[in-house]
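Chemist: show me how the following folds:
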Amino acid sequence: MILKTQFSALLKSISTIIGRKTERIRLLENLRIGEPALVMEGIVKRFSGVIANDYIDFEVRKGEIHALLGENGAGKSTLMNILYGLYRADEGKILLGGEEVNINSPKDALELGIGMVHQHFMLVNKFTVKENLALGSMSPKGLLIENAKITKRVEELTKKYGLKLDLDCEIWQLSVGEQQRVEITKALYQGADLLVLDEPTSVLTPQEVKELFMSLRRMVAEGLTIIFITHKLNEIMAISNRVTVLRKGKHIATLDTSRTSRKELAKLVLGEEFTLGLEKPSSSKSNNEILLVKNLWALDDLGIDALKGISFSLKKGEILGVVGVSGNGQKELAEVITGLRRAKNGEILLKGNNITGKTPEEISKKGVGYIPEDRMTTGLLMDFTVAENEILKAPLLDKLFLNRREISKYAEDAILEFDIRTPSKDTPTKHLSGGNLQKLILSRELRLKPQVLIAAQPTRGLDVRATQYIWNKLLTERLKGVGILLISEDLDEIFCLSDRIMIFFDGYIVGEGTPKSFSIEEIGKMMTGTKRLDCGKNGKFVAEKSS
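Modeler: Reported below is the predicted structural model:
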């Protein structure tokens, strides 16, 4: 209550300073469909001598969905951050509707009708949808919330584009897909004519992806223009009109999507022939249970039950996929097993030994490896060097004195074995790309030869090459007899790698079976709680084979 009072007071104080309506410049409004809406010419951006954008030319037409594709570090995000005013180009110019513009801040971008929905949402969880829409929106009264105006405008937008919102819900009460709708509606409410979407499907269910694509098609049919950043080639083929490929900071090609293929796009992205997919060899799994979870309960960060009496087992040489919409207990499951969160009730047995309540260090030494979902905050110390992060769990730390030569050798071997692309072992970790950050975590965990590996979102945000590398490493560990708990929101990943699948909803296991037991549509329904399979033994919901 205090927070909302402070929020209202803040709006009033700011409104007295601003006290005017921001004038938007509608450079795209009168363009015809198919005419150049955005042209970025000769864009150059350097960071400490590294060229992130190397004289890039990029054109987007009005009324199209234009996909932007490239490996991690190819320059996509830098280019879009320049467009949105988060960075300034060192060289080059931007034309909007044929007129050269200067964009020095996101405020400038918004006034020109450019909106951006980031991969990590910029919403205030304790505020309602209506309050979040009001943030950053100007009115003749400044930033005062005008309930009637917001409600009327949102009703117009939802009807026009098929976006459904409950204005009075607080953000934390919404699913990830609903939060994304708020972000998109916020950009449209602020008057976006050109909308940039950064990895918009990375945490959505199949149904939510389908609904998003339907809304995007309605938007471009109404004359909006969309830039769609993604690593998923199947999505590019399904939704975009054209696609631009960047590689190592350079513009490689712009193609009509209908005249290309996934294979050609992969070759353009990587600069070489690349075989998509992978072969999954027969597993060495046995009936030997290596991990047993019994009646496990745990609280989330708000003190609410996140795990509600779940039970399951993991066998040697098995990949058990755990899928669900973010926030349904998967994160808490990984943290309880690895000792980062206390169990409220229940037991976790590793090869028959109770590890419930043990410290992360004790659990790691007993043979449990962990790839956390947030590699930059939980997985690594970003200001430490590559070598320092590599030895955080190494046996070298058990010695009284650290031997610098031994540390160097240990780190150099890991860099070579796991193909970590870094200038040197002494490079600060924060300078590595996302794929190399994940390889660093993987090398640190796998070199300890774990018996169980908890892999949470192991390829989120990674390009096709890095993703396939991680997948192959996980399958190699599976063949060695390691039991892998794969927690992922990427259904392609779950279906490609898993021997069994568990579906989570609201802290329960609502479905369990082999990949052949389910269709993607069935899993999507279970992830959102609209379908549960018949309850089997021990409170589990067991899938029957689909017809």
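Chemist: count of neighbours near residue 475?
Modeler: Residues lying near residue 475 (other Cβ atoms under 10 Å) number 18. Any C-beta I mention is one placed from the backbone N, CA and C, and that applies to glycine too.
Chemist: give the contact list for it.
Modeler: 278, 280-281, 319, 497 (Cβ atoms under 8 Å, 6 or more residues apart in numbering).
Chemist: want to throw those into a markdown table with neighbour count and distance to residue 266?
Modeler: Shown next, in a markdown table, are the contacts of residue 475 (neighbours: other Cβ atoms under 10 Å; distance: Cβ to Cβ, whole Å):
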| residue | neighbour count | distance to residue 266 |
| --- | --- | --- |
| 278 | 13 | 13 |
| 280 | 14 | 19 |
| 281 | 10 | 23 |
| 319 | 27 | 24 |
| 497 | 24 | 19 |
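Chemist: which pair in those residues spans the largest distance?
Modeler: 278 and 319 (12.8 Å; Cβ to Cβ).
Chemist: what secondary structure does residue 251 sit in?
Modeler: strand (DSSP: H, G, I helix; E, B strand; the rest coil).
Chemist: do you know the pLDDT at the residue nearest the centre of the chain?
Modeler: Most central in the chain under Cα atoms, centre = their mean is residue 202, positioned 4.6 Å from the mean C-alpha point. Looking at residue 202, its pLDDT reads 75.
Chemist: thinking it is in contact with residue 461, fair?
Modeler: Yes: Residue 202 is within contact range of residue 461, at 6.8 Å (criterion: Cβ atoms under 8 Å).
Chemist: between those two, what contacts are shared?
Modeler: Residues touching both residue 202 and residue 461 by Cβ under 8 Å, 6+ apart: residue 119.
Chemist: and the residue nearest to the centre of the chain, how far from residue 50?
Modeler: Taking Cβ to Cβ, to the nearest Å as the criterion, residue 202 is separated from residue 50 by 26 Å.
Chemist: what do you get for residue 367?
Modeler: Applying Cβ to Cβ to residue 367 and residue 50 gives a distance of 40 Å.
Chemist: who has more neighbours, those two?
Modeler: In terms of neighbours (other Cβ under 10 Å), residue 367 is the more surrounded of residue 367 and residue 50; the figures are 18 against 10.
Chemist: what about residue 393, how many residues close to it?
Modeler: Residue 393, neighbours per other Cβ under 10 Å, totals 18.
Chemist: other residues contacting stretch 425-436?
Modeler: Outside stretch 425-436, the residues touching it (Cβ under 8 Å, 6+ apart) are 71-73, 375, 380-387, 389-390, 408, 411-412, 415, 420-423, 437, 440, 461-463, 465-466, 469.
Chemist: quick check: PyMOL command selecting the buried ones in the residues you listed.
Modeler: Here is the PyMOL selection string for the buried members of the contacts of stretch 425-436, based on 16 or more other Cβ atoms under 10 Å:
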select buried, resi 71+72+73+375+380+385+386+387+389+390+411+415+420+422+437+440+461+462+463+465+466+469
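Chemist: which residue, other than its chain neighbours, is closest to residue 39?
Modeler: residue 95 (4.2 Å; Cβ to Cβ, 6 or more residues apart in numbering).
Chemist: swap in residue 414?
Modeler: Nearest to residue 414 is residue 443, by Cβ to Cβ, 6+ apart, at 4.3 Å.
Chemist: after the helix or strand containing the one you found, which helix or strand is next?
Modeler: Element membership for residue 443, per DSSP states H and E: helix 434-446. Downstream of helix 434-446, the first helix or strand assigned by DSSP H and E is strand 452-456.
Chemist: got the angle between the helix or strand just after that following strand and helix 434-446?
Modeler: Later in the chain than strand 452-456, the nearest helix or strand by DSSP H and E is helix 464-479. Angle, helix 464-479 to helix 434-446, by axes from the mean of the first three to the mean of the last three Cα atoms, to 10 degrees: 10 degrees.
Chemist: can you tell me the average pLDDT over helix 464-479?
Modeler: 89.
Chemist: send the alpha carbons of it over as CSV?
Modeler: The C-alpha atoms that make up helix 464-479 are tabulated as CSV, following Å, rounded to 0.1, in the frame of the first residue of the first chain:
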residue,chain,number,x,y,z
VAL,A,464,22.3,-23.0,-33.3
ARG,A,465,26.0,-23.9,-33.1
ALA,A,466,26.2,-23.4,-29.3
THR,A,467,22.9,-25.2,-28.8
GLN,A,468,24.0,-28.3,-30.7
TYR,A,469,27.3,-28.3,-28.9
ILE,A,470,25.6,-28.4,-25.5
TRP,A,471,23.1,-31.0,-26.7
ASN,A,472,25.9,-33.3,-27.8
LYS,A,473,27.8,-32.9,-24.5
LEU,A,474,24.6,-33.9,-22.6
LEU,A,475,24.1,-37.0,-24.8
THR,A,476,27.8,-37.9,-24.2
GLU,A,477,27.3,-37.8,-20.5
ARG,A,478,24.1,-39.8,-20.8
LEU,A,479,26.1,-42.6,-22.5
